[in-house]
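In: Sequence below, structure please.
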Amino acid sequence: MPEIIKEKKVDLKKIEKGVKLLLEGIGENPQRTGIQETPKRVASMFSEILGGVSEDPAEQLKVIQGEKHDEMVLIKNIPLYSMCEHHLLPFAGVAHVAYIPKEGRIVGLSKIARVVDIFSRRLQVQERLTKQIADLIKEHLKPLGVMVVIEAEHMCMSMRGAKKPKSMTITSAVRGSFRSSSATRSEAMTLIRGGMYSGREL
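Out: Okay, here's the model as predicted:
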């Protein structure tokens, strides 16, 4: 599991100083009218979008007592926004999370989305993010199986380097019955890819 630094607070002043140096480094004048407040704005932004490092996602996975559900649960199209740790540029997309409860151990649907959110609001790589979500659910809910699929566009690939906008990176992490049973895995992928109700009139 990644380190949880609950006692460590974001140092806004250090971020402000760093942004001023960055502005100077690219040849800008930090005192220019349009960017005088940029260091403060960037510090506030980073404290928000990278705040997941001080949160423990495991706290979200409290089992609902008294439930007996033992069929697949799928939460699809969970929006996510994260920051690539290689270039400090964002990547954004959706996560699909499926699990098959064992002995009725389920959690509120919003809690799965919160786990995705907390892990996303850290410096990340998509491959690790996908694995972290799957492993946490496996560890704390002990389901028969769990499957996580993430689709995202990376700005470090779209606006620099290869410069291929709209390219999507797809990663998956498969555990338990989703790995051992191709039928179970296919069912989940069909539900993810299929023409299910998505908020529009059918």
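In: any idea how far the most centrally placed residue in the chain lies from Val53?
Out: The C-alpha lying nearest the average C-alpha coordinate of the chain belongs to Ser120 (C-alpha atoms, centre = their mean; 3.1 Å). Distance, Ser120 to Val53, by C-beta to C-beta, to the nearest Å: 11 Å. C-beta coordinates here come from the backbone N, C-alpha and C atoms, glycine included.
In: got it, and Arg105?
Out: From Arg105 across to Val53, the span is 27 Å (C-beta to C-beta).
In: same check, this time on Pro39
Out: In terms of C-beta to C-beta, Pro39 sits 21 Å off from Val53.
In: Just want to know which of these two has more residues nearby.
Out: Neighbour comparison, Pro39 and Val53: the larger count goes to Pro39, with 21 against 17 (by other C-beta atoms under 10 Å).
In: how about the longest helix out of those in the chain: buried residues?
Out: Scanning the chain for the longest helix, with DSSP state H as the assignment, gives helix 126-141. Neighbour counts over helix 126-141 (16 or more other C-beta atoms under 10 Å) mark Gln126, Leu129, Thr130, Lys131, Gln132, Ile133, Ala134, Leu136, Ile137, Lys138, His140, Leu141 as buried.
In: Please enumerate the strands of the protein.
Out: In the chain, strands defined by DSSP state E lie at 73-84, 90-100, 123-124, 145-154, 169-176, listed in chain order.
In: Can you tell me the strand partners of the fourth one and which way each runs?
Out: The strands that strand 145-154 pairs with in its sheet are strand 90-100 (antiparallel), strand 169-176 (antiparallel) (by DSSP bridges).
In: Do you know the pLDDT at Arg200?
Out: Residue-level confidence at Arg200 comes out at 44, pLDDT.
In: do the same with Leu88
Out: Per-residue pLDDT puts Leu88 at 96.
In: For it, give its distance to Tyr99.
Out: Distance from Leu88 to Tyr99, by C-beta to C-beta: 32 Å.
In: ok, the two, which is more surrounded?
Out: Ranked by neighbour count (other C-beta under 10 Å), Leu88 and Tyr99 place Tyr99 first, with 28 against 12.
In: Now do the residue nearest to Leu123 when sequence neighbours are not counted: how many residues are near it, please.
Out: Distances taken as C-beta to C-beta, 6 or more residues apart in numbering put Glu85 closest to Leu123, at 3.8 Å, once the chain neighbours are dropped. Glu85 is flanked by 12 other residues according to other C-beta under 10 Å.
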